[in-house]
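Peer 1: Here's my sequence, what's the structure:
(chains A, B, C and D)
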2 protein chains.
Amino acid sequence: MPPARRTDTADRILDVAERLVQVHGFNGFSYADVSTKVRIRKASLHYHFPTKAGLGTALIARYQGAFLKALEEIDRAGGEARGKLEKYASLYANVLRQRRMCLCGMLAADFETLPKPMRDGVTAFFAANEAWLAKLLEAGRRCGELRFEGSGAAVATFLVSSLEGAMLIARSYGSVPRFELVVKKLLDDLTPPA
Amino acid sequence: MPPARRTDTADRILDVAERLVQVHGFNGFSYADVSTKVRIRKASLHYHFPTKAGLGTALIARYQGAFLKALEEIDRAGGEARGKLEKYASLYANVLRQRRMCLCGMLAADFETLPKPMRDGVTAFFAANEAWLAKLLEAGRRCGELRFEGSGAAVATFLVSSLEGAMLIARSYGSVPRFELVVKKLLDDLTPPA
DNA sequence: GTCTATAGGTGGATAGAC
DNA sequence: GTCTATCCACCTATAGAC
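Peer 2: Okay, here's the model as predicted:
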C-alpha cells in the first residue's frame, strides 16, 4: 500500500472544523470559515464531506477515538487511582488551555439542533467516558485508594457532569485555575484522608 | 398610572425568544422563529428589539432578575441550609423538566460568538449565583448544618459548575433523574452525617 | 405598533470544466 | 481533487405606508 501522507486534506479539514466547533459551536461556524483556514474553496470541502451533518458525525467519531486512545494510555501507564484521575482531568484541562470546550460538551448544548447520528455520537461519548471511570473507581475503592458512597457508575456520572460544567463556565471566565479548583475538590473528596 | 397589561408584546417576544435560546442556543434561532410563535411579522419584532444582540442582552437581564428574585424568596422562607440548597437545585431541575438548558449555561457555550454586553451579562449571572451560594454555605457551616473544607466561595464555584454540567448532559439523555442523582451526591457530601 | 416589501449578505449545497 | 459559477433558502435589518 502507498505510504500514508502525514496529513491528508480530509484530516486538515477535520482539524480546522473541530477547533471551530469547540470554540463557536456547531451552529456558529460555516463551510466558508473552514474554507478560509484550510485554504481550499468551499466547493472542494463538499467533495470530502458532502454535508455538514456528515462532517459533524466524522468529527465526533474521530474525537471519541482519540479520547479512548488516551484512556488506554492512562491504563497502560499504571499507577495509583488518584494519579489516573488526575491524568483524566488533564485531558479536559489541556482542551481548556486552548480556549476550547470539550467537543461533545459543546455539542450537548447544540443537542436539540443536531441530526440523529450526531446526537447518538454525543451520548455514546459520555457513556464511554463514564464506563471507563466507573471501572477505575470501583477498582480504586476495592484496593482502598479511593473512598466514595454509592456505585462507581453514579460517581462517574457525577464526575463527567462536573468536569464538563466546570469547563463550560471556566471558559467564560477565561480562567483555567477556576477549572483546576473544581478538579482539586472532586479528587480530594474521593481520596481517603492520610 | 395606566393598569399594567398582563403580557405586553415585548414580554411575549422575550418569553418566546428565551425558550428558543434555552433549547436551540443563541445561534440556533432566528427572528423568523420568534415571528411565527408570537404571531407578529419579523419587521415588527425589530420595533421592540432593533438588534438580535439587544434582544439577547434583554433576555439575560430579565432572566437574572427572575433568578435573583427566586433566591430572595428562598431566603425569605427560611429553614435549614440543606432545604435551601434543595430549593436552589430545584430552580435548575424545573428548567430541565421543560427540556431547557439554563439560559446562561447555554450562552456560556455560545460565549465566543456573543457581543460584549451579553458576555458580561453571562459572567455576572454566574457571579451573582456564586455570591449567594457562598453566603449560604458559610452561614450553614457556622451553625453546624453544613460541612465542607475550603472557602464558601470555592464550594460555590464547584456547585454552580456541577449543576450546569449535570443539566447540560442530563438534557442530552432526556433524563431528569440523571440530574437529580448528581444533586443528591452534591448535597449529601455537604451534609454532616446524622 | 404593525404591516408589506426589500435590501444586502451569508447559509449549505450542486453542476460541470479542468 | 480542486476550481469557478451559481442556486435558492434563510439571515438580520431597514424603508415607508397604514
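Peer 1: State the number of residues packed around the nearest residue to A:R97 once chain neighbours are set aside.
Peer 2: Excluding its sequence neighbours, the residue lying closest to A:R97 (C-beta to C-beta, 6 or more residues apart in numbering or on different chains) is A:V176, at 5.9 Å. Glycine gets a C-beta too; all of them are placed from N, C-alpha and C. Residues within reach of A:V176, counting by other C-beta atoms under 10 Å in any protein chain shown, total 16.
Peer 1: so A:V176 touches A:A170, yeah?
Peer 2: Yes: if you go by C-beta atoms under 8 Å, A:V176 and A:A170 touch, sitting 6.6 Å apart.
Peer 1: So which residues of chain A form helices?
Peer 2: For chain A, applying DSSP state H gives helices covering A:9-24, A:31-38, A:42-48, A:52-77, A:81-97, A:103-109, A:116-142, A:152-173, A:176-190.
Peer 1: For those helices, state which one has the densest average packing.
Peer 2: helix A:103-109 (a mean of 27; mean count of other C-beta atoms under 10 Å in any protein chain shown).
Peer 1: Is that one positioned near DNA strand C?
Peer 2: No: remark: helix A:103-109 sits outside contact range of DNA strand C, by C-beta under 7 Å from any atom of the strand, the gap being at least 14.6 Å.
Peer 1: gap between A:R178 and A:Y63?
Peer 2: Separation of A:R178 from A:Y63 (C-beta to C-beta, to the nearest Å) stands at 24 Å.
Peer 1: Give the residue spans of chain A that score low on pLDDT.
Peer 2: Applying pLDDT under 70 to chain A flags the ranges A:1-6.
Peer 1: Need the residue closest to the centroid of it.
Peer 2: Centroid-nearest residue in chain A, with C-alpha atoms, centre = their mean: A:C102, separated by 4.4 Å.
Peer 1: could you redo the helices of chain A as TSV and give each row distance to B:N129?
Peer 2: Converted to TSV, the helices of chain A look like this (distance: least, C-beta to C-beta, whole Å):
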stretch	distance to B:N129
helix A:9-24	25
helix A:31-38	33
helix A:42-48	41
helix A:52-77	30
helix A:81-97	21
helix A:103-109	18
helix A:116-142	25
helix A:152-173	10
helix A:176-190	14
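Peer 1: how about these, which one is nearest DNA strand D?
Peer 2: Closest approach to DNA strand D among these (C-beta to the nearest atom of the strand): helix A:42-48, 3.0 Å.
Peer 1: does any part of that closest one sit near DNA strand D?
Peer 2: Yes: applying C-beta under 7 Å from any atom of the strand, one finds helix A:42-48 in contact with DNA strand D at A:K42, A:A43, A:S44, A:Y47, A:H48.
Peer 1: Can I get that helix in PDB? Just the C-alpha atoms.
Peer 2: The C-alpha coordinates for helix A:42-48 follow below in PDB (Å, rounded to 0.1, in the frame of the first residue of the first chain):
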ATOM      1  CA  LYS A  42     -15.900  25.800  -0.300                       C
ATOM      2  CA  ALA A  43     -17.000  23.500  -3.100                       C
ATOM      3  CA  SER A  44     -13.900  21.400  -2.600                       C
ATOM      4  CA  LEU A  45     -14.900  20.800   1.000                       C
ATOM      5  CA  HIS A  46     -18.100  19.200  -0.200                       C
ATOM      6  CA  TYR A  47     -16.000  16.600  -2.100                       C
ATOM      7  CA  HIS A  48     -14.600  15.400   1.200                       C
END
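Peer 1: ok, is that helix in contact with DNA strand C or not?
Peer 2: Yes: interface with DNA strand C: helix A:42-48 contributes A:K42, A:A43, A:H46 (C-beta under 7 Å from any atom of the strand).
Peer 1: wait, what's in contact with the residue of chain A found nearest chain B?
Peer 2: Of all residues in chain A, A:G165 sits closest to chain B, at 2.1 Å by C-beta to the nearest C-beta. Counting by C-beta atoms under 8 Å, 6 or more residues apart in numbering or on different chains, A:G165 touches B:G105, B:V160, B:S161, B:S162, B:L163, B:E164, B:G165, B:A166, B:M167, B:L168.
Peer 1: The fourth one and A:S162 touch, don't they?
Peer 2: Spelled out, that is B:S162. Yes: assessed by C-beta under 8 Å, B:S162 is found in contact with A:S162 at 4.1 Å.
Peer 1: List the residues that are in contact with both of those two.
Peer 2: Shared contacts of B:S162 and A:S162 (C-beta under 8 Å, 6+ apart): A:V182, B:V182.
Peer 1: roughly how far apart are the nearest residue to A:L159 once chain neighbours are set aside and A:R141?
Peer 2: Of all residues not flanking A:L159 in the chain, A:L133 sits nearest, at 5.8 Å (C-beta to C-beta, 6+ apart). As judged by C-beta to C-beta, A:L133 and A:R141 stand 12 Å apart.
Peer 1: so what sits against both of those two?
Peer 2: Residues touching both A:L133 and A:R141 (C-beta under 8 Å, 6+ apart) are A:G152.
Peer 1: about what we covered before: which residues are common contacts for A:V176 and A:A170?
Peer 2: Common contacts of A:V176 and A:A170 (C-beta under 8 Å, 6+ apart): A:L96.
Peer 1: ends of stretch A:23-33, how far apart?
Peer 2: From its first residue to its last, stretch A:23-33 covers 12 Å (C-alpha to C-alpha, to the nearest Å).
Peer 1: That stretch and DNA strand D, any residue contact?
Peer 2: No: with C-beta under 7 Å from any atom of the strand as the criterion, DNA strand D is not reached by stretch A:23-33; the gap is at least 10.0 Å.
Peer 1: how far out from the middle of the chain is that stretch?
Peer 2: Centre-to-centre, stretch A:23-33 and its host chain are 18 Å apart (C-alpha atoms, centre = their mean, to the nearest Å).
Peer 1: what's it in contact with?
Peer 2: Contacts for stretch A:23-33 (C-beta under 8 Å, 6+ apart): A:17, A:20-21, A:42, A:45-46, A:52, A:56, A:99-101, A:106-107, A:109-110, A:113-114, A:118, B:24-25, B:27-28, B:109-110, B:112-113.
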